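Below: sequence and its predicted model.
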Amino acid sequence: MGISADWVWLLLPVCQALVVPREVSGQLGETLSIRCWYPRGYEGYNKYWCRGASWDSCRKVVETEGREVPRQHDRVSIQDNRIFCLVLLTMKDISEADAGSYWCGIERIGRDLMELVMVKVVPGLQGHVVPLPGW
C-alpha cells in the first residue's frame, strides 16, 4: 500500500513563511505579547520587530542579533526560542502611541522574510464600575 499522490502535499514542509496573528489588541497600561513562528532552517538568523506602514520603510524596534537570549530596548523585549521556531515580542505598559503596524522579520540575503501585525490598544477597565443588569 503506497501513499496516494493526492496526500503527498501533507508530508511537505508547510511553513515556508512567517506565521503571526493579523491583529492583536491589549488594554492600556497592560503588557502585550505577540508570537511569530518561523520556518525551520532560520534558527541562527537575526530576528526583529519593526514598526511602520510598509515593509520597506519600517524601523527596527528591537532585534535578537542572531542570539537566543532575550534582548530589551526600553519597554520592548524580544526572545527567540529556536526549539519551537518562535519569536516573542513583549511590550510593557502599552499606551495609545503603541498602536499601529508592526512587522516580524528575519534578516536574510535578498529581501527579508516579513509579516505584518496590527496592534490595537483599547481603554482599560481600571476604576470603572460596570452595573449589573436590572440594577
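Cool, got the structure.

Against residue 66, how distant is residue 25?
31 Å (Cβ to Cβ, to the nearest Å). From N, CA and C alone the C-beta is placed, and that goes for glycine too.

repeat for residue 80
9 Å.

And the average pLDDT for stretch 62-73 is what?
Per-residue pLDDT over stretch 62-73 has a mean of 90.

Residue 120 touches residue 21, doesn't it?
No: contact criterion Cβ atoms under 8 Å: residue 120 and residue 21 do not qualify, at 11.4 Å.

would you list every one of the helices in this structure?
For the chain, applying DSSP state H gives no helices.

in its sheet, what does the lowest-mean-pLDDT helix or strand in it sit against?
Least confident helix or strand of the chain, by mean pLDDT, DSSP states H and E, is strand 71-73 with a mean of 90. Strands that pair with strand 71-73, judged by DSSP bridges, come out as strand 76-81 (antiparallel).

mind listing what's buried in the strand it pairs with?
76, 77, 78, 79, 80 (16 or more other Cβ atoms under 10 Å).

The longest strand along the chain: which residues count as buried?
Counting by DSSP state E, the longest strand found in the chain is strand 113-122. Within strand 113-122, the residues scored as buried using 16+ other Cβ under 10 Å are 113, 114, 115, 116, 117, 119, 121.

Can you show me the CA trace of that strand as PDB?
Written as PDB, here are the backbone C-alpha positions of strand 113-122 (Å, rounded to 0.1, in the frame of the first residue of the first chain):
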ATOM      1  CA  LEU A 113      11.100  37.500   5.500                       C
ATOM      2  CA  MET A 114       8.500  39.800   7.000                       C
ATOM      3  CA  GLU A 115       4.900  39.600   8.100                       C
ATOM      4  CA  LEU A 116       2.500  42.300   9.300                       C
ATOM      5  CA  VAL A 117       0.800  42.500  12.700                       C
ATOM      6  CA  MET A 118      -1.700  45.300  13.500                       C
ATOM      7  CA  VAL A 119      -1.600  46.300  17.200                       C
ATOM      8  CA  LYS A 120      -4.700  48.000  18.800                       C
ATOM      9  CA  VAL A 121      -4.800  49.500  22.200                       C
ATOM     10  CA  VAL A 122      -8.100  49.600  24.000                       C
END
